[in-house]
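A.B. asks: Sequence and computational prediction follow.
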Amino acid sequence: MLECIKDEMIVASLFVSSVLLGGIGAFVVMKFGPVLDLVDVPNNRSSHDTPTPKGGGIGILAVFMLTALVEDIPIGFWVPVTFLALVSLFGDMRNLSVLLRLVVQFTAAVVVLVSIIVAGQSTLISTLRIISVIAVAGLFLIYIAGSANIYNFMDGINGIAAVTGVVAFSLLAWYASLIEFGSSYMVLCLCMACACLGFLPFNMPRAKVFMGDVGSILLGFVFALMTIVLADNFTVFCALASCLFFFYADELTTMYLRVRDGERLSKPHRRHLYQLLVNEMGIQHWKVSLGYGVCQLCIGYSSLVVTPHGPLVVFGLLGLYFLGFAAISHRVRGYVIKRNL
């Protein structure tokens, strides 16, 4: 009984510490960002017009490390992720080449994925044969690195990354509690959500500091890993991934349009739906961010709830959501084009 109370107190302390660290990291960078060369200077892709400190996600990194140590998360999981986040922090201070970023991201993903497979922590992977494991692992590497970069690309207006982090990681934690998965990973997800909550007041409604690569890449990377760890079949995996549906849908539809128009993908742009809503339609940042968060909550929750009904229901529902997103995106883009004629 006493041991149970002690464990609950430790977990509760972790949640409070996560909120505080998320805010402290943002506050420190807000105050000392210029001294540390952590400043985001607006360019033609930016949705802000004044230099703003960036790298406030160091508090989220601190939460990740603290939770991993307290909850005995395997070293093969948290060390590579921490290394990736530190490299991303350096990237917030200095421009790193795309190739170097990708090499570090894929290397970290390989180490963590091997660790997960060896430890048998993914039911989804452990049920596959050797040849299938190699093929699926390759796809997962792309998924993990892709999620990290998509989260980074979508972190372009005030509050959107933090709000989505609160929603997405809360949903993952809720699902982990439902299936009574290892409590350490459930606690990790909730702590990540709490860290985003602590960071949020410094970034919305008016941005005093940006999360930076150290925060956004970390969140996308850990999110992808948790969907792999928690899923016991492909249907559940897709439902878990849908907890970041709006980010994936916005990035993929925008990427399709850019490829269709012959635009270089490395070229800075402002063609995401969320950017059009803010920059072209004049909607306030916080309204778009909260709108994305509410929609994300509804999509993620409903997708997880219907998983017992099988793949046809889950994939059918996600297909309808994607068609709805594409239709709204098409209408907004059409309106913007007409207004600019």
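C.D. replies: That came through, no problem.
A.B. asks: Just the strands from the chain, written as ranges.
C.D. replies: 39-40, 52-53 (DSSP state E).
A.B. asks: on contacts alone, who are the packing partners of the last one?
C.D. replies: What it means is strand 52-53. Packing partners of strand 52-53 (3 or more C-beta pairs under 8 Å, 6 or more residues apart in numbering; DSSP states H and E): strand 39-40. In short, each C-beta sits where N, CA and C put it, glycine included.
A.B. asks: what's the answer for the first one, then?
C.D. replies: Strand 39-40 is packed against strand 52-53, with contacts defined by 3+ C-beta pairs under 8 Å, 6+ apart.
A.B. asks: Can you give the strand pairings for the strand it packs on, parallel or anti for each?
C.D. replies: The pairing partners recorded for strand 52-53 under DSSP bridges are strand 39-40 (antiparallel).
A.B. asks: what sits up against the partner strand?
C.D. replies: 33, 46, 48, 51-54, 210, 212 (C-beta atoms under 8 Å, 6 or more residues apart in numbering).
A.B. asks: Now which of those residues would you call buried?
C.D. replies: 33, 46, 48, 52-54, 210, 212 (16 or more other C-beta atoms under 10 Å).
A.B. asks: From the residues you listed, which shows the smallest pLDDT?
C.D. replies: Least confident by pLDDT among the buried ones among the contacts of strand 39-40: that is Ser46, with 65.
A.B. asks: returning to that earlier point: would a markdown table of the contacts of strand 39-40 with distance to Leu124 be doable?
C.D. replies: As requested, those are exported to a markdown table (distance: C-beta to C-beta, whole Å):
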| residue | distance to Leu124 |
| --- | --- |
| Gly33 | 40 |
| Ser46 | 39 |
| His48 | 40 |
| Pro51 | 44 |
| Thr52 | 40 |
| Pro53 | 40 |
| Lys54 | 35 |
| Phe210 | 34 |
| Gly212 | 32 |
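A.B. asks: Could you identify the pair within those residues that is furthest apart?
C.D. replies: Gly33 and Ser46 (16.1 Å; C-beta to C-beta).
A.B. asks: how deep is Ser302 tucked in, by neighbour count?
C.D. replies: Ser302 sits with 15 neighbouring residues when counted by other C-beta atoms under 10 Å.
A.B. asks: Next up, the contacts around it.
C.D. replies: Per C-beta under 8 Å, 6+ apart, neighbours of Ser302: Leu317.
A.B. asks: Begin at 574, not 1, for the rest of this chat.
C.D. replies: Taking 574 as the first residue, the last one we looked at is Ser875.
A.B. asks: now it: how far from Tyr865?
C.D. replies: 16 Å (C-beta to C-beta, to the nearest Å).
A.B. asks: cool, and Gly729?
C.D. replies: 11 Å.
A.B. asks: higher neighbour count, the two?
C.D. replies: Tyr865 (24 against 21).
A.B. asks: Helices along the stretch 574-723 of the chain, start to end?
C.D. replies: 575-605, 631-643, 648-666, 671-692, 696-699, 703-727 (DSSP state H, counting those that start in this stretch).
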